[in-house]
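Asks: Provide a 3D model corresponding to the input given below.
(chains A, B, C and D)
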2 protein chains.
Amino acid sequence: MRVPELTDLLRRRGMRVTSQRLLIDRALRDHGGHLSAEQVHELVEPSLPGVTQQTVYSTLALLTELGVARRVAAPGASARFEARVDDHHHMVCQRCGAIQDIDARVPVGRAVGAAREAGFVPESANVTVLGLCAACAAD
Amino acid sequence: MRVPELTDLLRRRGMRVTSQRLLIDRALRDHGGHLSAEQVHELVEPSLPGVTQQTVYSTLALLTELGVARRVAAPGASARFEARVDDHHHMVCQRCGAIQDIDARVPVGRAVGAAREAGFVPESANVTVLGLCAACAAD
DNA sequence: CTTTTTGCAAATGATTTGCATTAAC
DNA sequence: GTTAATGCAAATCATTTGCAAAAAG
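Replies: The predicted structure follows:
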């Protein structure tokens, strides 16, 4: 059950394998956390001198579309991206915006079923726990 | 189990009871759905000629802080606000951004517990079902 | 060589900020 | 009267768009 190489995914779609795409994918994967587009830019700048923020944006959108990255919406903050695409949940700090993974198994079937009954076509379902992270709670 | 009047909440905090605050709160409540800041502005303009978008923003932030409204983050879209503050979930259309309520009971306790173990102080937890709404799925 | 992708530049959209005026208390 | 809230204007931040140049296949 391993993730297909980005190179393969791109070739299969007739898209081009560029250093920007490979390195942004790798940066996201290596970091392992939840990064804003700007953080990704800062992270890849050293290995991709002159890379623009727009390339980062379009590449992150592409990676998300290809299923090798996921976009996480943080209330009142910029979008965050992560390389984890398996089933998991998130804790979002309402003060500093930090996002952390939660690996608990939650039966979301009822919510998905209710959505389906309302005519929706569900693609994914996950839990967002809002609150304060350890650092912010400590004040 | 009724919601305290906004007037009371404001007075208790020594804040002022203004027509803007009362009417924006009422508009959100009467509409019942999930509105963007701009939609709220359009909705209250007739009864509050000359209200600015900034007043709408600050008032919505205040109502959220007071606990009489909730901010819902839609991935890649502007923030939406709703008057429902009880426990419920959301279905978000990834194409048009529409948000609908889901009233299924989902045991999110495991996720909340895991967050707590990680040092977080949870305030709320809810499920977001991503997918396509009936209209967008029909193409 | 052909077409996609990138970089550059500017535009857009959402939201915030600073300050004088107005309205609550 | 005092002070907080609003309106007005401009600024900021995130993200998107259009087009010529560069790179991939």
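Asks: Next, A:Ala125: secondary structure please.
Replies: Secondary structure of A:Ala125, reduced to three states by DSSP: H, G, I helix; E, B strand; the rest coil: strand.
Asks: Spit out the contact partners of it.
Replies: Taking CB atoms under 8 Å, 6 or more residues apart in numbering or on different chains, we find A:Ala125 in contact with A:108, A:111-112, A:115, B:127-130. Where C-beta positions appear, they are placed from N, C-alpha and C, glycine not excepted.
Asks: Pick the one among those residues closest to A:Gln20.
Replies: Taking CB to CB as the measure, A:Gln20 lies nearest B:Leu130 of the contacts of A:Ala125, at 27.0 Å.
Asks: which residues in chain A form helices?
Replies: For chain A, applying DSSP state H gives helices covering A:6-12, A:19-31, A:37-44, A:53-66, A:109-117, A:134-137.
Asks: model confidence over the first one, on average?
Replies: When you say that, I think you mean helix A:6-12. Taken as a whole, helix A:6-12 has a mean pLDDT of 96.
Asks: List the buried residues in it.
Replies: Within helix A:6-12, the residues scored as buried using 16 or more other CB atoms under 10 Å in any protein chain shown are A:6, A:9-10.
Asks: what does the shortest one give?
Replies: Buried residues in helix A:134-137, counted by 16+ other CB under 10 Å: A:Cys136.
Asks: hmm, it in reach of chain B?
Replies: Yes. Using CB under 8 Å from any CB of the partner chain, helix A:134-137 comes into contact with chain B via A:134, A:137.
Asks: what's the offset of that helix from the middle of its chain?
Replies: With CA atoms, centre = their mean, to the nearest Å as the basis, helix A:134-137 stands 23 Å off its chain's centre.
Asks: Give me the contact list for that helix.
Replies: Residues from elsewhere that reach helix A:134-137, judged by CB under 8 Å, 6+ apart: A:93, A:95-96, A:98, A:131, B:118-121.
Asks: what's across from A:Leu35 in the sheet?
Replies: With DSSP bridges as the criterion, A:Leu35 is bridged to A:Phe81.
Asks: remind me which residues of chain A are low pLDDT?
Replies: Scanning chain A with the threshold set as pLDDT under 70 gives A:1-4.
Asks: Go through the contacts of A:Ala125 and name the one nearest B:Leu63.
Replies: Closest approach between the contacts of A:Ala125 and B:Leu63, by CB to CB: B:Thr128, at 21.4 Å.
Asks: so the closest one bridges to which residues?
Replies: For B:Thr128, the beta-bridge partners are A:Asn126, B:His90 (DSSP bridges).
Asks: what's near enough to touch it?
Replies: B:Thr128 is in contact with A:125-128, B:89-92, counting by CB under 8 Å, 6+ apart.
Asks: now A:Met91
Replies: A:99-102, A:128-131, A:133, B:115, B:118, B:120, B:122.
Asks: In strands, which of those residues appear?
Replies: Counted as lying in strands by DSSP state E, out of these, are A:99-102, A:128-131, B:122.
Asks: of the contacts of A:Ala125, closest to DNA strand C?
Replies: Checking the contacts of A:Ala125 against DNA strand C by CB to the nearest atom of the strand gives B:Thr128 as the nearest, at 16.6 Å.
Asks: Quick check: the gap between the closest one and A:Val17.
Replies: In this view, B:Thr128 and A:Val17 are 33 Å apart by CB to CB, to the nearest Å.
Asks: Run a quick neighbour tally on the closest residue to A:Arg116 other than its chain neighbours.
Replies: Using CB to CB, 6 or more residues apart in numbering or on different chains and skipping the chain neighbours, the partner closest in space to A:Arg116 is A:Pro122 (6.1 Å). Using other CB atoms under 10 Å in any protein chain shown, A:Pro122 has 17 neighbouring residues.
Asks: Next up, the contacts around A:Pro122.
Replies: By CB under 8 Å, 6+ apart, the residues touching A:Pro122 are A:112, A:115-116, B:91, B:129-131.
Asks: just to revisit the earlier point, the contacts of A:Met91, buried ones only, as a ChimeraX selection?
Replies: Those of the contacts of A:Met91 that count as buried under 16+ other CB under 10 Å are selected in ChimeraX with:
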select /A:99,100,101,102,128,129,130,131,133 /B:115,120,122
